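Novice: coords please:
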Amino acid sequence: MSGALAAVIIYGVLTVIWALVLALYLRHRAASASDPLLAMLLSVLALDAFKSVVESGYFGLVWGANYGVLPESFKALGAPEPLAAVKVLNLVVAGVVLLRLARSWVPNELERRATQRAELELRLAQARENEETLRLAVAASSELLWDGDLRTGRVTGSAEAAKWLGYPLSEWPPTPWTLIVHEDDREMVQQAVAQTIKGQSRSYRVRHRVRHKDGTVFHALSTGVVARDETGRAIRFVGSVRDITHELEEEGRRLQAQKLEGLGLLAGGIAHDFNNLLTVVGSSLELAKRRVGGEPELVEPLQTASLAVSRATVLTRELLAYAGRAPIEHKPIDLNELVDAIGDLLAVSVSRKVTFQRVLDPTLPALVGDPAQLQQVVMNLITNAAEAIGDRTGTITLRTGLVVLEGPPATRRSGDVTGRVVRLTVSDTGAGMPPEVQARIFDPFFSTKGSGRGLGLAALAGILKAHGGAIGLESTVGVGSTFTIDLPALDAPLSKPAPVVATVGGALSLNVLLVDDEPMLRRSARRLLEELGCHVDEAATGREAVERVRAEPGTWHVVLMDVTMPELNGVEAAEQMRQVAPKLPIILSSGYSAEADAVSDPRVLQLPKPYSFEKLEAVLRQATGC
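Specialist: Numbering: from 1, shown residues only. Just a heads-up that it's a prediction; the model follows:
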């Protein structure tokens with residue numbers, strides 16, 4: 001009896017609980033009217049809760065009636081029809097709900113899935129596009145990309161890298177991967193990799209050499225990073241190798257240019273000081289020769305000493321030409337006439353097996369330069385071409401023409417002239433030069449001749465630099481060489497200057513103001529001037545000379561002044577003298593062309609050092625009109 005009562009109480013409690021659940025479902029269904037799908041689901045749940053309420057109450061009443069806990073009248077409920085009716089109703093309602101659910105949910109689900117598929121296809125297309133972009137970037141970068149799995153030891157590399165290093169894809173990457181590293185650099189690279197993996201180095205960055213499959217060697221820069229897991233263990237090593245051969249070559253050329261520039265400054269300074277000494281020695285020898293008369297035992301050693309001074313003068317001029325500071329006489333020049341004259345002169349002095357060809361442009365415009373220095377350039381190139389041919393049969397071709405350059409040609413070695421240029425090419429069919437000789441051919445003191453000083457082509461490049469020109473070289477061993485000279489062209493046609501008639505006079509009765517900060521140079525120049533019959537006053541500085549001219553502007557017929565002086569140099573002093581005495585003739589003496597060229601006044605003449613007795617006399621007569 002007590003067990004039956006407990007069962008009735010439990011069914012009663014279940015009925016109450018399911019009734020509360022039913023009420024809760026119905027309440028939420030009323031609040032979810034805006035969401036049909038949720039409302040239908042709540043309807044199904046409410047129907048199921050209703051079924052549970054009916055079943056719990058039904059079984060509680062029937063159980064209580066059968067065991068005498070409740071009136072026997074509830075036994076009539078024991079027929080199965082009421083429960084069956086409830087279940088049928090439940091099934092009908094569930095079917096209706098499911099049908100409505102299918103009609104609303106299936107299209108929405110299909111649409112959602114179609115949207116998801118479209119998004120996935122878009123992301124896949126974007127991923128493929130990004131992959132293609134990355135592939136193109138890798139191909140364009142010309143870098144070797146590599147990925148090393150430190151757990152398996154497997155190394156992969158980009159296909160572009162295989163092509164770069166000459167490996168077929170079937171052999172790429174080689175095993176071991178260190179085969180691509182130059183054998184002399186392998187230990188260094190392996191140590192750097194090991195230190196990076198162990199964490200001893202924060203980054204991997206090594207400059208080393210790389211060997212192509214055919215044996216060619218490149219210079220490369222390797223960089224990489226290490227990927228580690230959550231424990232800090234290295235699991236991947238990813239990086240790249242970049243070809244820096246061209247960069248190193250450019251850096252080498254830049255350092256070489258800086259070295260040559262420094263050497264040029266040194267050579268120019270030495271030549272300048274040496275010219276001052278040669279001026280003193282040369283002028284002293286000139287005076288000595290004039291005073292010893294015709295005594296052979298005295299004249300012969302003086303002539304020998306004068307010859308040594310002349311040869312030393314040529315050497316200093318080569319040094320100054322290399323430094324781009326040789327004195328330049330600016331005159332309009334017909335390059336065709338100059339090439340013809342030099343060609344005729346040298347054609348008889350070279351081997352008869354050498355054939356001269358001249359292809360000269362008759363419409364060639366003029367250029368401005370120093371005829372003597374440009375003659376030296378042409379003579380040097382023709383002589384070198386003849387020596388390259390030697391005793392064999394060969395041809396030297398001289399070609400002129402007008403060229404318009406938008407940028408420097410690939411064969412250019414020195415200079416940066418562009419625009420309208422007068423071009424001279426000197427080609428030979430000689431032995432040619434290997435690349436290592438071409439790289440140094442314009443270096444000072446470099447010579448392939450046992451007896452050469454190595455200043456010929458270096459001086460030639462300096463002359464062209466001082467003229468604002470450029471030189472190029474193209475050479476192949478066994479084929480020959482071609483030197484290309486480019487000089488700025490004049491727009492106006494060449495006008496022939498009127499011939500100058502030389503005048504010969506007696507002693508010069510001139511008052512000369514001699515200005516030089518070197519006492520030794522003043523003494524030697526004074527002796528020459530007095531030998532010419534001049535009266536000489538001296539000034540030790542440019543400032544002193546300007547003050548004397550300002551105080552006595554009409555005292556001197558001419559001023560002979562050094563250019564390089566402290567405080568106030570010759571160029572600055574000449575400009576200040578012009579303000580006081582506009583008609584006073586001024587002669588500037590220097591071994592530097594750039595210093596004297598700074599004066600734009602055509603009445604200021606130049607006297608390059610060292611100078612002879614005859615040159616001094618000639619420039620004095622030219623300045624004063626005597």
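Novice: could you measure from residue 195 over to residue 221?
Specialist: Counting by C-beta to C-beta, to the nearest Å, the separation of residue 195 from residue 221 is 17 Å. C-betas here are computed from N, CA, C, even on glycine.
Novice: swap in residue 364?
Specialist: As judged by C-beta to C-beta, residue 364 and residue 221 stand 48 Å apart.
Novice: cool, residue 171 as well?
Specialist: From residue 171 to residue 221 the distance is 24 Å (C-beta to C-beta).
Novice: related to what we said a few turns ago, so for residue 195 and residue 221, which residue has more residues nearby?
Specialist: residue 221 (17 against 12; other C-beta atoms under 10 Å).
Novice: secondary structure element for the more buried one?
Specialist: Residue 221 is located in strand 217-228, with elements delineated by DSSP states H and E.
Novice: tell me which strands that strand pairs with, and in which orientation.
Specialist: For strand 217-228, the paired strands and their directions (DSSP bridges) read strand 204-211 (antiparallel), strand 234-243 (antiparallel).
Novice: out of those strands, nearest to residue 586?
Specialist: Shortest distance between residue 586 and the strands paired with strand 217-228, using C-beta to C-beta, is found for strand 204-211: 58.1 Å.
Novice: return the set of buried residues in the closest one.
Specialist: For strand 204-211, burial by neighbour count (16 or more other C-beta atoms under 10 Å) applies to 204, 206, 208-211.
Novice: all strands for the stretch 401-550 of the chain, in order.
Specialist: In the stretch 401-550 of the chain, the strands defined using DSSP state E, counting those that start in this stretch lie at 412-414, 419-428, 470-476, 480-488, 511-515, 535-539.
Novice: these: which one's closest to residue 350?
Specialist: The nearest among those, by C-beta to C-beta, is strand 419-428 at 10.9 Å.
Novice: helices or strands next to the closest one in the packing?
Specialist: Packing partners of strand 419-428 (3 or more C-beta pairs under 8 Å, 6 or more residues apart in numbering; DSSP states H and E): helix 335-347, helix 371-389, strand 394-405, strand 480-488.
Novice: any idea of the angle the shortest one forms with strand 394-405?
Specialist: What that stands for is strand 480-488. 30 degrees (axes from the mean of the first three to the mean of the last three C-alpha atoms, to 10 degrees).
Novice: just checking: what are the partner strands of strand 480-488?
Specialist: Applying DSSP bridges, you get strand 419-428 (antiparallel), strand 470-476 (antiparallel) as the partners of strand 480-488.
Novice: possible to save the ones you listed as TSV with mean pLDDT and distance to residue 510?
Specialist: Formatted as TSV, the strands paired with strand 480-488 follow (pLDDT from 0 to 100; distance: least, C-beta to C-beta, whole Å):
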stretch	mean pLDDT	distance to residue 510
strand 419-428	93	41
strand 470-476	91	44
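Novice: out of these, flag the one nearest residue 162.
Specialist: strand 470-476 (31.9 Å).
Novice: so who does residue 410 touch?
Specialist: If you count contacts by C-beta atoms under 8 Å, 6 or more residues apart in numbering, residue 410 has none.
Novice: hang on, residue 189 packs against residue 208?
Specialist: Yes. Here residue 189 reaches residue 208: they are 5.4 Å apart, a contact under C-beta atoms under 8 Å.
Novice: okay, and the common contacts of the two?
Specialist: Applying C-beta under 8 Å, 6+ apart, one finds that residue 189 and residue 208 are jointly contacted by 181, 222.
Novice: out of the strands of the stretch 401-550 of the chain, which is closest to residue 20?
Specialist: Closest of the strands of the stretch 401-550 of the chain to residue 20 is strand 412-414, at 99.1 Å (criterion: C-beta to C-beta).
Novice: outside of that closest one, which residues touch it?
Specialist: Residues from elsewhere that reach strand 412-414 (C-beta under 8 Å, 6+ apart): 441-442, 461, 464-465, 470-473, 484.
Novice: ok, now with 7 Å
Specialist: Applying C-beta atoms under 7 Å, 6 or more residues apart in numbering, the contact partners of strand 412-414 are 442, 461, 464-465, 470-473.
Novice: for stretch 229-240, same thing?
Specialist: Contacts to stretch 229-240, defined as C-beta under 7 Å, 6+ apart, come from residues 143-151, 197, 204, 222-228.
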